[in-house]
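heads up, no residue letters with this:
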């Protein structure tokens with residue numbers, strides 16, 4: 001088995017952050033419909049996180065005034081041309097070593113299996129963020145995205161067969177090669193494979209099945225998982241298969257997973273995205289920022305669930321419907337930079 005590259009290991013997202021990175025919304029493809037709601041949604045995520053830690057927002061120079069007006073004071077705007085708005089996916093996965101160094105794993109980004117016609121500016125944005133953070137750049141030949149991995153900080157990563165093993169990303173890579181590269185770059189010891197992603201993640205704005213709408217660690221050994229109770233909804237079968245795999249799996253310490261179901265919002269709301277998921281949330285220092293979907297009962301249920309799961313954190317909920325209308329959620333828009341020298345139980 002390959003060793004972690006230069007001793008770097010991916011921490012869990014709940015460790016102390018130095019800041020959170022985001023991208024602003026390029027005009028093309030994002031602001032044709034419901035422009036005001038889209039701008040307000042991205043800005044609301046930035047403002048919510050900025051209550052608890054610094055936020056650096058990469059923004060096309062021509063849109064700096066727009067972003068500044070929408071986000072208000074307290075957000076650091078970084079001029080940067082962009083192809084897309086999902087910095088979780090084209091941005092670096094930050095890693096740490098045992099002597100206080102920050103690393104930035106730069107996956108090879110190909111626009112979610114070729115869905116984007118242009119990706120060079122997003123690749124440049126990844127390198128710019130790493131440079132601004134003072135991180136050691138760690139390029140990887142693996143085509144991957146940050147939303148396609150779920151990490152517990154204790155040696156476990158969860159991925160999906162329809163992303164990393166998809167020929168539109170890594171032709172010629174077998175599962176062993178993919179696992180070796182994940183181990184080398186993230187310092188993990190066990191890779192757990194889910195079968196596929198949510199049904200709505202298959203279309204032109206999809207990712208082929210990112211894990212961050214289906215399962216997320218909230219503590220070592222503890223996962224929140226998406227639940228679709230409607231047996232006629234295609235995600236009911238998707239999650240039955242994936243939950244079955246998680247129940248049969250073990251983490252890097254050979255523990256079974258504790259699974260906490262987060263029921264999907266009501267499906268009969270006008271204009272809703274078919275794969276809305278409360279699993280797609282963000283950690284901030286002392287807080288959790290949750291998706292809301294204008295479903296009062298379901299929104300309150302998930303707030304109450306996280307209040308029990310993370311009792312020492314503030315629970316903040318922002319309307320994510322306009323974000324999901326473009327294919328992703330809150331977690332997809334952000335990339336946390338861990339504080340140097342932070343310690344966690346590995």
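Good, I have the coordinates. No experiment lies behind these values; they were computed from the predicted model shown. Numbers count the residues shown, from 1 in each chain.

partners of residue 334 in the sheet?
When bridges are called by DSSP bridges, residue 334 pairs up with residue 22.

now swap in the one 4 residues further on and tell me
According to DSSP bridges, the partner residues bridging residue 338 are residue 17.

any chance you could read off phi and psi for the nearest residue to residue 190 once chain neighbours are set aside?
Excluding the flanking residues, the one nearest residue 190 by Cβ to Cβ, 6 or more residues apart in numbering is residue 252, at 4.1 Å. The C-beta positions use only the backbone N, C-alpha and C, and glycine is treated the same way. Backbone torsions for residue 252, taken as degrees, to the nearest 10, come to phi -60, psi -20.

what does residue 172 give?
Reported as degrees, to the nearest 10, the phi and psi values for residue 172 are phi 90, psi -10.

How many residues are close by it?
Neighbour count of residue 172, defined by other Cβ atoms under 10 Å: 6.

Quick check: the residue located most distally from the centre of the chain vs residue 240, distance?
The outermost residue of the chain relative to its centre, with distances by Cα atoms, centre = their mean, is residue 232 at 27.6 Å. Separation of residue 232 from residue 240 (Cβ to Cβ, to the nearest Å): 13 Å.

Start and end of stretch 53-73, how far apart?
Start and end residues of stretch 53-73 are separated by 13 Å (Cα to Cα, to the nearest Å).

Might you report the residue contacts of residue 233?
199, 264, 267 (Cβ atoms under 8 Å, 6 or more residues apart in numbering).

buried residues in stretch 171-184?
By neighbour count on 16 or more other Cβ atoms under 10 Å, the buried set for stretch 171-184 is 173, 178, 179, 180, 181, 182, 183, 184.

In helices, which of those residues appear?
The members of the buried residues of stretch 171-184 that map onto helices under DSSP state H are 178, 179, 180, 181, 182, 183, 184.

sorry, back to before: pull out the buried members of the contacts of residue 233.
Applying 16+ other Cβ under 10 Å to the contacts of residue 233 flags 199, 264 as buried.

Using pLDDT, spot the least trustworthy of the contacts of residue 233.
When these are compared by pLDDT, residue 267 scores lowest at 76.

distance of the residue nearest to residue 190 from residue 87?
To residue 87, residue 252 is 27 Å away according to Cβ to Cβ.

Please say which of these two ends up with more neighbours.
For residue 252 versus residue 87, the count of surrounding residues by other Cβ under 10 Å is larger for residue 87: 26 against 18.

So for that one, what's the nearest residue that isn't a sequence neighbour?
Nearest one to residue 87, counting by Cβ to Cβ, 6+ apart, is residue 23 at 4.2 Å.

measure the one you found to residue 308 for me?
Distance, residue 23 to residue 308, using Cβ to Cβ: 33 Å.

Neighbour count: those two, which is higher?
Neighbour count, other Cβ under 10 Å: between residue 23 and residue 308, residue 23 has more, with 28 against 8.

Quick check, pLDDT for the more buried one.
We note a pLDDT of 97 for residue 23 in this prediction.

Is it in contact with residue 125, as I believe?
Yes. Using Cβ atoms under 8 Å, residue 23 is in contact with residue 125, at 6.8 Å.

what is in contact with these two at once?
Common neighbours of residue 23 and residue 125 (criterion: Cβ under 8 Å, 6+ apart): 58, 80, 82, 87, 90, 91.

give me the element residue 19 is part of.
strand 17-23 (DSSP states H and E).

so where is the stretch 151-300 of the chain shaky, pLDDT-wise?
Across the stretch 151-300 of the chain, residues meeting the criterion (pLDDT under 70) sit at 270-271.

now the helices for it?
For the stretch 151-300 of the chain, helices defined by DSSP state H, counting those that start in this stretch occupy the ranges 175-186, 234-248, 296-309.

Quick one, which of the ones you listed gets closest to residue 34.
Nearest to residue 34 among the helices of the stretch 151-300 of the chain is helix 296-309; the distance by Cβ to Cβ comes to 20.1 Å.
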